[in-house]
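# My questions are about this predicted structure, shown below with the sequence.
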Amino acid sequence: MPHRIEIFLKKPEMDVYGEKLKKRIRRDTGIDTGRILTSDIYNIGLELDTEKLNFVAREVFLDKVINDYSIDKVAFGEPVFYLEVGLLPGVTDDVGRTAEESVAIALGLDGSDRFKVFYSRGFAFYSDRISKEQVERIARDILSNELIQGFRVFSRDELRKAGGRIPPWFPQVRLSRSPEVKNFSLSSMSDEELLNLSRERTLVLNLIEMKTIRDHFNDPEVRRIRRESGISEEITDVELECIAQTWSEHCKHKIFNALIEYKDTETGKTEKIDSLFRSFIRKTTEEVRAEKGAKDICVSVFSDNAGVIRFNEKFNLVFKVETHNSPSALDPYGGALTGIVGVNRDPLGTGKGSKLIFNTDVFCFASPFYSKPLPPRILHPLRILEGVREGVEHGGNKSGIPTINGSVVFDDSYLGKPLVFCGTAGILPVQVCKEPGESKEIRENDLIVMVGGRIGADGIHGATFSSEELHSGSPSTAVQIGDPITQKRMSDFLLMARDLCLYRTLTDNGAGGLSSSVGELAGICGGAEIDLVKAPLKYHGLNPFEILISESQERMTVVVPPDTIDEFLGLSKKFNVESTVLGRFTKSGYFDIRYDGKRVGFINLDFLHNGNRQMQLKAEWKTQSIRSCSFDKPANLSDILHRLLSSLNICSKHYFVRQYDHEVQGGSVLKPLVGKDNNGPSDAGIIRPDLTSFEGVVVSHGILPRYSNQDAYAMAACAIDEAVRNYIAAGGDPEHMAGLDNFCWPDPVESPKNPDGKYKLAQLVRANKAVYDVCTYYGIPLISGKDSMKNDYIWEQVRISVLPTLLFSVIGKIEDVRNAVSMDFKKAGDLIYIAGLTDPRMAYSEYFYLMGKESETEVPRPHKEINREIFYRLHNLMKMRLIWSCHDVSDGGLAVALAESAFAGGFGAETDIGKVPLTSPMREDFILFSETPGRFILTVDEKDKEQFESLMKGVPFALLGNVRDSANLVVKNGDRVLFSESIGSLMESFLKTLDF
Amino acid sequence: MEKVNAIVVSGNGINCEMEMAHALRLAGADRVDIVNIFSLLDGDVDVLDYNFINFAGGFLDGDNLGSARAGAVRIRFAKIRKTEERLLDRIISFIDRGGLILGVCNGFQLLVKLGLLPGFDNNYTEQRVTLTFNSSGRFEDRWVTLRANKKSDCVFTRGIDTIYLPVRHGEGRFLTDNDDTLKRLEKDNQIVLQYVRQKGEEFTAEYPYNPNGSVLGIAGICSKDGRIFGLMPHPEAFLHRTNHPRWFREELPEEGDGLRLFVNAVTYLKNR
């Protein structure tokens, strides 16, 4: 019988978690709970006498300064209700795992494998006014998620009757089944049966793909080989699942590789696009690299888990951005946590392995203040926001990786699925063990070693599940929860093993688990054989196919030569990391999968990797008619400015930033919040990855989904311009930058349930055209990217699709971080300039949303030629240290940028917007709030006026006024004052909205 | 002149070892080794080969049982391989030999939970104080102003009046088991650093200047003789002026405030 040790606070008034919870419950449900006391419960599956139990409680779990404990009896005396929340069977319990280890150490037991500890939490409610139904609602809506957690409520009477003794929370997985392998007779199946099979097993394969598989396995030659190889002629579930993972949209990017017929109904022209990826993304990189010639910065692009560019003579830079949208919709905390620790494994698994140096995060949510009824199975946006924020906090902070850049975008199209972009960069030595750090060589007989966590049923069908829309039957096993400490131990060990030359290369186990990682590596060498029975499991009873495709976290697949395997395994054991040899690489041409020696899968690698036929899709573009602006200039422009500063997309995100460690590793140069009171929003992040050098890494991003409402071309072009602007504003070198594209789209494949698929695909085509046009012009090679193509929610008649969204990230270098520039005004008397050209394209600007007229006029587009010239000029001026502050003009336009630079600097300013360079005469409100790309607000010391202006000659720029030692931002048009607002009140508007 | 041999403990969730080692090198330590805690437990490396132990920040065992608690269990109970000695026994021998110990953030939490601090009457195994969840209920990364206690014998803060450093923690609220402990810390000048609103002021309880609700604004304490020192703020995160959040706008010396703590420690060892 397991025991229950409950730890609680001696002084109830110390319970800050309970207090915070009380407030949150009142805010989110309106229930006044009265006092809530909380506790930590360790449910220990060990027979222990009272003395030992007390010893364990005191020595392992108790902080005797503040805690007390109770054994096998509910703490807190007799509350009105007592609620316990714990995990469901099989869900990662990192606290429980740490407790197992600690109890084993304290008791001197050998290893912690022999018993389980499960963690749960207790909540005591004392108010007489609260009902059991209300406690259950709190449990359901706030404290637990039915996909991963369970709860139980006890009333005072029930506790009394039981003498306070309730059974421990012990969600042990018990699978009584013995592992089995199924065969499918595909040849005898009708089309309908094939599709049913695909659906039932969440294979997400379409009919053509199912038929392709059937035909392959029907091939007499294939059948002969199978007979001779001692495997069933019919396909096994192991093989079917492996192929489905490998061919999933998530892994194979079928839409980006499809043959597309793109019709522009306006011009009447039709063009054939043979793969968006090849025609636009890869082509961009090839052309930019060719043009840069000797100045090419690319080292490894598109071929590995992350892109690699040059940094200096010692290190290359590695960067990858991923999304984790579907899991975050189901379980925001676990989904986001897995998103960040998952993308960490991409640079870690690139080449010979990188040390991770920073994270970036961009989230897209519906309004946290959303008040309409929610469709079924959708969590409230505020709950998603809190869960995602916390998941990334734990994933990033506990891994010791600074979160240095990010943003949060709000639009109600993200109600059905939030977008959670997580990025990680690393540094990879140019040389590792006398070989290039990025090399991915594998030789025959090299061993396949799985390193890190164990395999459970969690995360089964993650790759295929994320490749379909969210529906009522989405499997909860698709949810996984990361365990940062297990991963930290693993990555510490791997980097040590790397530098001791103990392995050749490695890759991560993410989507598709072993089927993808070993399957991909097998492609490099020409074959692999593994025995799944060797894989360490979290619990018994998993079927071979489950072991193969499970996405249980914190695992890498490492390629170890036979002559270093003993040393590798020895080091692994020393550092408390589990490593297991699963098989070896061969040149057989097959992915040879066994279970306890018996062949359960024998898949031709050429078929696995190249067997699925190219999709053929249709795209049709309809240009929207443009309406002119239907409203007059508002009388009170300062009121508009205040409302823009408080709007969700512009307001301060300090609530997020402060809870993320952005300085660990000691190389912080440009922080997310800067200025006199440390609350001005930075344009980019800069760190020094090597503390002995002043060379810095600059990272920034752009994201403007609103513009897709009119034209996804403009959306993508403006997102890229914004990313580059942010990069340049902070001091990044325009010669040394690279881009990453992350497309998150609503389903672009037309079908009866998706009637406007052709239009969405046309939007995708146009976004790709913009990526090519702008990146080739700005000289940005694309080094890595990812697409997520099914960001829809469907429930009966309700369909919620995300806006077509491109997140464009830029990574690059600043030669000397001491030349970096922040966005806050620095000193009174400095001259305020605007660089760039302003035009009256106002559609979908924050200003037009505020006025309820977002669809009027044209959507903004960059002036590529001018902007590129400005980027280079500004960078040179920064190297000469002539620029004291620089801020990119984006959401909310010039007025917002001026206000931010002023209050961040703690200075007033006087400016004349009549001087702003325009394409044509414009209304005052348009000049103030236009979001035309390519513009900067910057300050220059008075004495450098002539030099600055002569060096800017030839590009549009203008002197708007100067920084004042005053408390007000004064904006004039000529001599007429439009408004004069105190910087304190502007700052207050900026800070208040998301100040939870 | 004594050589300065510094060890920076890493691994198992510790994550500030690189910048800690860099700080020690900049401060002039003769030898700086980053050593994984599992190598110490394996007996590969012995802390007695050093005279300066550094416990860097991070999340030992993920702080899964509360900050540094599982880490403390390991050091108190796990036997060093092939010996009957625990790592804690070696650390106590190290203290007896006169070495210096610095614990930053998670390292400070570890020192406190082991009982190495405050170490009343040379009892290094009894927990008398704690660092627990911030009053705000959240992890925060923000810079704070700290006043040093000039009367303290702490070797790390000699000559320091006020310093500016970042805190990055969710569990930094300093509390004692009772008032007598607090009084004794005060009386013996073991309270080394306190959160203040600004230079020249007394300690503050006001958020966010006091970021976590620590009693008496305590940010760092030392042993009575000043050789064992723990603090929540991160000195290793401010070694160069470009680490300062406002270096873009303020005239600052090239070296960051945090480096001075390390220079003091190294100088003390070299000169004794």
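Sure thing, it's come through.

# Helices of the stretch 651-800 of chain A, start to end?
For the stretch 651-800 of chain A, applying DSSP state H, counting those that start in this stretch gives helices covering A:654-657, A:712-730, A:757-778.

# oh sorry, the question was meant for the stretch 1-150 of chain B
B:17-26, B:37-41, B:69-77, B:87-96, B:106-114.

# Give me whichever of these is most buried.
Here the criterion is mean neighbour count by mean count of other Cβ atoms under 10 Å in any protein chain shown, and of the helices of the stretch 1-150 of chain B the winner is helix B:106-114, at a mean of 28. In short, each C-beta sits where N, CA and C put it, glycine included.

# Which element, helix or strand, includes A:S572?
Counting by DSSP states H and E, the element that carries A:S572 is helix A:565-574.

# Give me the helices and strands touching that helix, please.
Where contact means 3 or more Cβ pairs under 8 Å, 6 or more residues apart in numbering or on different chains; DSSP states H and E, helix A:565-574 is packed against strand A:447-452, helix A:484-499, strand A:579-585.

# Let me see the residues that make contact with the shortest one.
For strand A:447-452, the surrounding residues in contact (Cβ atoms under 8 Å, 6 or more residues apart in numbering or on different chains) are A:486-487, A:490, A:493-494, A:503, A:506, A:509, A:514, A:518, A:521, A:528, A:530, A:535-536, A:554-562, A:565, A:568-569, A:572, A:577-585.

# Go again with 7 Å.
Judged by Cβ atoms under 7 Å, 6 or more residues apart in numbering or on different chains, the contacts made with strand A:447-452 from elsewhere in the structure are A:486-487, A:490, A:494, A:518, A:528, A:530, A:535, A:554-558, A:560, A:562, A:565, A:572, A:577-585.

# Put the alpha carbons of that strand into PDB.
Below are the C-alpha coordinates for strand A:447-452, written out as PDB (Å, rounded to 0.1, in the frame of the first residue of the first chain):
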ATOM      1  CA  LEU A 447      25.700   2.000 -33.600                       C
ATOM      2  CA  ILE A 448      22.200   3.500 -33.200                       C
ATOM      3  CA  VAL A 449      22.000   4.700 -29.600                       C
ATOM      4  CA  MET A 450      19.000   6.200 -28.000                       C
ATOM      5  CA  VAL A 451      19.900   8.700 -25.300                       C
ATOM      6  CA  GLY A 452      17.700  10.400 -22.700                       C
END
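
# How far off centre is it?
Relative to its chain's centre, strand A:447-452 lies at 26 Å (Cα atoms, centre = their mean, to the nearest Å).

# what angle do that strand and helix A:484-499 make?
140 degrees (axes from the mean of the first three to the mean of the last three Cα atoms, to 10 degrees).

# Output the helices and strands packed on helix A:565-574 as JSON lines; include the columns distance to B:L65 and mean pLDDT.
Conversion of the helices and strands packed on helix A:565-574 to JSON lines gives the following (distance: least, Cβ to Cβ, whole Å; pLDDT from 0 to 100):
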{"stretch": "strand A:447-452", "distance to B:L65": "22", "mean pLDDT": "96"}
{"stretch": "helix A:484-499", "distance to B:L65": "11", "mean pLDDT": "95"}
{"stretch": "strand A:579-585", "distance to B:L65": "26", "mean pLDDT": "97"}
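
# Dump those into a markdown table; add distance to B:C154 and mean neighbour count as well.
Shown next, in a markdown table, are the helices and strands packed on helix A:565-574 (distance: least, Cβ to Cβ, whole Å; neighbours: other Cβ atoms under 10 Å in any protein chain shown):
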| stretch | distance to B:C154 | mean neighbour count |
| --- | --- | --- |
| strand A:447-452 | 41 | 24 |
| helix A:484-499 | 31 | 23 |
| strand A:579-585 | 44 | 21 |
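
# right, so of these, which gets closest to B:L114?
Proximity to B:L114 (Cβ to Cβ) singles out helix A:484-499 among those, at 19.5 Å.

# CA atoms only for the closest one - export them in CSV, please.
These are the backbone C-alpha positions of helix A:484-499, laid out as CSV (Å, rounded to 0.1, in the frame of the first residue of the first chain):
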residue,chain,number,x,y,z
PRO,A,484,13.6,20.1,-18.8
ILE,A,485,15.9,18.6,-16.2
THR,A,486,16.2,15.3,-17.9
GLN,A,487,17.0,17.1,-21.1
LYS,A,488,19.5,19.4,-19.4
ARG,A,489,21.4,16.4,-18.1
MET,A,490,21.3,14.8,-21.5
SER,A,491,22.6,17.9,-23.3
ASP,A,492,25.4,18.5,-20.8
PHE,A,493,26.4,14.9,-21.3
LEU,A,494,26.2,15.0,-25.1
LEU,A,495,28.3,18.1,-25.4
MET,A,496,30.9,16.5,-23.2
ALA,A,497,30.9,13.3,-25.3
ARG,A,498,31.1,15.5,-28.5
ASP,A,499,34.3,17.1,-27.3
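
# contacting residues around that helix?
For helix A:484-499, contacts defined as Cβ under 7 Å, 6+ apart pick out A:94, A:341, A:344, A:348, A:352-353, A:355, A:394-395, A:398-400, A:432, A:451-453, A:503, A:506, A:554, A:556, A:568, A:571-572, A:575-577, B:11-13, B:36, B:59, B:61-62, B:64.

# Does A:V698 have any beta-bridge partners, and if so which?
Beta-bridge pairing of A:V698 under DSSP bridges involves A:I686, A:G812.

# quick one: it and A:E271, what's the gap?
With the distance defined as Cβ to Cβ, to the nearest Å, A:V698 ends up 37 Å from A:E271.

# These two: which is more packed in?
For A:V698 versus A:E271, neighbours defined as other Cβ atoms under 10 Å in any protein chain shown are more numerous around A:V698 (30 against 12).

# For A:Q614, which non-adjacent residue is closest in space?
Counting by Cβ to Cβ, 6 or more residues apart in numbering or on different chains, the nearest residue to A:Q614 once its immediate chain neighbours are dropped is A:L259, at 5.4 Å.

# in the sheet, who's paired with the one you found?
In this entry, A:L259 is beta-bridged to A:D274, A:Q616, by DSSP bridges.

# do the one 5 residues further on as well
A:D264 forms beta bridges with A:K269, A:W621, as assigned by DSSP bridges.

# That one against A:W621, yeah?
Yes: using Cβ atoms under 7 Å, A:D264 and A:W621 qualify as a contacting pair, with a distance of 4.8 Å.

# neighbour count winner among these two?
A:W621 (21 against 17).

# how about the more buried one, what does it touch?
If a contact means Cβ under 7 Å, 6+ apart, then A:W621 has A:263-265, A:762, A:766 as its contacts.

# likewise A:S187?
By Cβ under 7 Å, 6+ apart, the neighbours of A:S187 are A:214, A:218.

# Need the phi and psi values for it.
Reported as degrees, to the nearest 10, the phi and psi values for A:S187 are phi -60, psi -30.

# about what we covered before: strands - which of the contacts of helix A:484-499 land there?
Cross-referencing the contacts of helix A:484-499 with the strands (criterion: DSSP state E) gives A:355, A:432, A:451-452, A:506, A:556, B:36 as the overlap.

# low pLDDT regions in chain B?
Under the criterion of pLDDT under 70, none of chain B is flagged as low confidence.

# and the residue of chain B found nearest chain A, how many neighbours?
As assessed by Cβ to the nearest Cβ, chain A sits closest to B:N15 within chain B, at 2.4 Å. B:N15: 26 surrounding residues under other Cβ under 10 Å.
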